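In: Provide a 3D model corresponding to the input given below.
(chains A and B)
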There are 2 protein chains.
Amino acid sequence: MTFPVVGMVGGGQLARMTHEAGIPLGIRFKILSDTPQDSAAQVAGEVVIGDYRDLDTLREFARGCDVITFDHEHVPTEHLRALEADGVPVRPGPDALVHAQDKGVMRARLSEIGVPCPRHRIVTDPADVAAFAAEGAGADGGDGFPVILKTVRGGYDGKGVWFVRSEAEARDPFLAGVPVLAEEKVDFVRELAANIVRSPHGQAVAYPVVESRQVDGVCDTVIAPAPELSDELSGRAQELALRIARELDVTGHLAVELFETRDGRILVNELAMRPHNSGHWTQDGAVTSQFANHVRAVLDLPLGDPRPRAPWTVMVNVLGGDYPDMYQGYLHCMARDPQLKIHMYGKDVKPGRKVGHVNTYGDDLDEVLERARHAAGYLRGTIVE
Amino acid sequence: MTFPVVGMVGGGQLARMTHEAGIPLGIRFKILSDTPQDSAAQVAGEVVIGDYRDLDTLREFARGCDVITFDHEHVPTEHLRALEADGVPVRPGPDALVHAQDKGVMRARLSEIGVPCPRHRIVTDPADVAAFAAEGAGADGGDGFPVILKTVRGGYDGKGVWFVRSEAEARDPFLAGVPVLAEEKVDFVRELAANIVRSPHGQAVAYPVVESRQVDGVCDTVIAPAPELSDELSGRAQELALRIARELDVTGHLAVELFETRDGRILVNELAMRPHNSGHWTQDGAVTSQFANHVRAVLDLPLGDPRPRAPWTVMVNVLGGDYPDMYQGYLHCMARDPQLKIHMYGKDVKPGRKVGHVNTYGDDLDEVLERARHAAGYLRGTIVE
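Out: Residues are numbered from 1 along each chain as shown, chains lettered A, B, ... in the order given. Reported below is the predicted structural model:
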């Protein structure tokens, strides 16, 4: 058999679920994991324990892999270039991935190709933040605050992001010595995500555009498809994601997080070039999951059908609560809802940590939402009846 | 986390797919496999290489497992009793499993509880086979042949089964010195399978009854639900399977292979107490797969919904053909049918060996059947256009 070997850097839940999706495909799957206890390392057959920041470790890991792909965006660009120079296909490649690693590079490139973004620029100190704010001050005579500040690298799930109301509040982001990007606070009605998958030979599939609801900067609920989204706006969002993938030469899964503004525009918030939380619903709600399509794409295999299998699918994240043991809640949820799809990551429970998610699907959105919320809340311990 | 550990004896494709189904459940899964190359051993995180016929190996494997279950029926009954005596839950237990291990015991017990079976008895030599045949000779003056002979233990997929037309043809089955069971050749219109899952506390779910088509004694195609099966007969088959599970105290998945006779009866052909080929369609066609429900059942967790997600689901086995490399066929199948669900087992291709299966689903049975047959035939190499 000449079935290929996929090497995934990172042992988190995305690698765990990608491995799961790769099993029926008959694809051999290797994981480079920080520890043997990592989410994916617990369940995968071929696990290398090592540090992804070390080039020798990456080179050793890549030996025998037909392609290298990622659970996260943290591998240094120069290491990826070195792997490519060794002849290892890296998907997405370093020139694409840098746009998911560095928000400054991303904003510059998207603006260059005419993709609508929030007003933004790199800022140098709190005074410069006040200047950036003033540039956006409207006719109302305000100072242009609040402003969003982001370190250009390293942030996720609300970390590395500040919401500042004044120059005085704008000091912390500069303490780390990392470049800081300022962005206008967008007046959005909701957040959307356009998930697409693209292969090296240029085939691409677009999943239905979803609504993504955040709590404290962390994804909480995803509704597929986004309720009451017009065909026009949905098509525009999918088109935008496909265009970004093409222009940036993204291979694999691309999540484009969007703001839907009060005045009917869509602006790009973030990019992720890997399976993404806003696509977890596809495991139970789409013909082909984002994980299976990511594997197919990085191997340049024909892509699977991205269409939904049910009128509505809802995903709710399961965050760690105050009780370290979820097993009793898990029993309750299974007994209450035999159609519930639970996805646990095998991670120790810590307050606020993503330790799993649940998917529900059906014909009635209210009912589907209630089932998912109840299950996630019960697992976390915020619902007890 | 107190999430439990399931130990599965055997590293074949059933263990591979059970492991896959266990990942989202957050269940730790250990496999006892003959070699590191076995289907499940390639993809599972915790693999012990050892001989399941050796009690010390089994005992060592069982340490740290909350329950022991099986990929196959070949573990000696006395070893299972020893594990139980050690305090390890074994599901299904040895008293149930013996009915899937020994066809003589199975026939005796089913007859005792009034389950309709083909006419049968243990035979001692070719002359006794002729006597058994004569006992069934009809008014037509024939000799009662043909007769089916089966070694009571060790047969599968047509192995250990003989179709004999005369006393002279009845010698081979006795050569191994194993007891031989004679059964009438049933005049059936088709084969059905009733798959149910039962947990230790007695909860049970029944999947839709399926039609199973064999080629050369090996399962080829499964159609879910069985076309044009009356509600009455379907209900009777499900009821029969549930009754067998209860009477024999089966825990986990039970497949009851049935003959539908020309005169509208159903007779039990075989029992399997593990996930079964006739249930592979549930991976893509049911709310909860047989594999996920087997895991839930052996852990005494609440069971998942067994209902179908599409009007028709078809499974066709992929057998090895003359070409050892299926990768080109695999590319073709994915490109031709983006909705196709391929399940490869990671096994080397040998002619006639089960190396995977495909599932298709949809609204139109003819189209769903054609898609599955084309894909399986193309992978095997019997269809080339």
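In: List the contacts of A:Ala204.
Out: Counting by C-beta atoms under 8 Å, 6 or more residues apart in numbering or on different chains, A:Ala204 touches A:Ile196, A:Val197, A:Arg198, A:Leu242, A:Ala245, A:Arg246, A:Leu303. Bear in mind the C-beta positions are built from the backbone N, C-alpha and C, glycine included.
In: got it, and A:Arg265?
Out: So A:Arg265 contacts A:Pro116 (C-beta under 8 Å, 6+ apart).
In: now do 10 Å
Out: By C-beta atoms under 10 Å, 6 or more residues apart in numbering or on different chains, the residues touching A:Arg265 are A:Pro116, A:Val186, A:Phe188, A:Leu233, A:Arg236, A:Leu258, A:Phe259.
In: next one: A:Trp312
Out: A:223-225, A:227, A:281, A:285, A:360-369 are the contacts of A:Trp312 under C-beta under 10 Å, 6+ apart.
In: ok, back up a step: can you select the buried ones among the contacts of A:Arg265 for me in PyMOL?
Out: In PyMOL, this line selects whichever of these come out buried by 16 or more other C-beta atoms under 10 Å in any protein chain shown:
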select buried, chain A and resi 186+188+233+236+258+259
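In: In CSV: the contacts of A:Arg265, plus secondary structure and distance to chain B.
Out: Below are those laid out as CSV (DSSP: H, G, I helix; E, B strand; the rest coil; distance: C-beta to the nearest C-beta, whole Å):
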residue, secondary structure, distance to chain B
A:Pro116, coil, 31
A:Val186, coil, 35
A:Phe188, strand, 32
A:Leu233, helix, 26
A:Arg236, helix, 24
A:Leu258, strand, 26
A:Phe259, strand, 31
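In: Columns distance to A:Gly252 and pLDDT on top of the contacts of A:Arg265, output as CSV?
Out: Listed next are the contacts of A:Arg265 as CSV, based on distance: C-beta to C-beta, whole Å; pLDDT from 0 to 100:
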residue, distance to A:Gly252, pLDDT
A:Pro116, 24, 97
A:Val186, 28, 93
A:Phe188, 27, 95
A:Leu233, 25, 96
A:Arg236, 23, 97
A:Leu258, 19, 98
A:Phe259, 24, 97
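In: of all the contacts of A:Arg265, which two lie farthest apart?
Out: A:Val186 and A:Arg236 (16.7 Å; C-beta to C-beta).
In: For the residue nearest to A:Ala292 when sequence neighbours are not counted, list the residues it contacts.
Out: Nearest non-adjacent residue to A:Ala292, counting by C-beta to C-beta, 6 or more residues apart in numbering or on different chains: A:Ala21, 4.2 Å away. A:Ala21 is in contact with A:27, A:29, A:275, A:282-283, A:288-296, B:20, B:23, counting by C-beta under 10 Å, 6+ apart.
In: now do A:Leu58
Out: A:7, A:9, A:32, A:48, A:50-52, A:68, A:75-76, A:79-80, A:82-83, A:86, A:88, A:90.
In: what residues are up against the most centrally placed residue in chain A?
Out: Nearest to the mean C-alpha position of chain A, by C-alpha atoms, centre = their mean, lies A:His276 at 3.3 Å. By C-beta under 10 Å, 6+ apart, A:His276 lies in contact with A:14, A:193, A:195, A:212, A:219, A:222, A:253-257, A:270, A:290, A:294.
In: how's chain A carved up into domains?
Out: A:5-90, A:119-184, A:188-380 (automatic domain parsing).
In: What separates the first and last residues of the last one, distance-wise?
Out: I take that to be domain A:188-380. 29 Å (C-alpha to C-alpha, to the nearest Å).
In: For it, what is the distance to the chain centroid?
Out: 9 Å (C-alpha atoms, centre = their mean, to the nearest Å).
In: do the same with the second one
Out: For domain A:119-184, the separation from the chain centroid amounts to 23 Å (computed by C-alpha atoms, centre = their mean).
In: Can you give me the end-to-end span of it?
Out: Rule used - C-alpha to C-alpha; the end-to-end distance of domain A:119-184 is 5 Å.
In: One more: stretch A:172-192?
Out: 29 Å.
In: ok now it, how far from the chain's centre?
Out: That offset, for stretch A:172-192, works out to 17 Å (C-alpha atoms, centre = their mean).
In: And it, what's buried?
Out: Per 16+ other C-beta under 10 Å, stretch A:172-192 contains these buried residues: A:173-174, A:179-186, A:188, A:190-192.
In: can I get those in TSV with secondary structure and distance to A:His120?
Out: Formatted as TSV, the buried residues of stretch A:172-192 follow (DSSP: H, G, I helix; E, B strand; the rest coil; distance: C-beta to C-beta, whole Å):
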residue	secondary structure	distance to A:His120
A:Pro173	helix	14
A:Phe174	helix	17
A:Pro179	coil	12
A:Val180	strand	11
A:Leu181	strand	6
A:Ala182	strand	6
A:Glu183	strand	4
A:Glu184	strand	7
A:Lys185	coil	11
A:Val186	coil	11
A:Phe188	strand	15
A:Arg190	strand	21
A:Glu191	strand	17
A:Leu192	strand	19
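In: doesn't A:Gln283 make contact with A:Lys341?
Out: Yes. Using C-beta atoms under 10 Å, A:Lys341 is in contact with A:Gln283, at 7.2 Å.
In: okay, and the common contacts of the two?
Out: Contacts common to A:Lys341 and A:Gln283, judged by C-beta under 10 Å, 6+ apart, are A:Thr313, A:Met315, A:His357, A:Asn359, B:Pro24.
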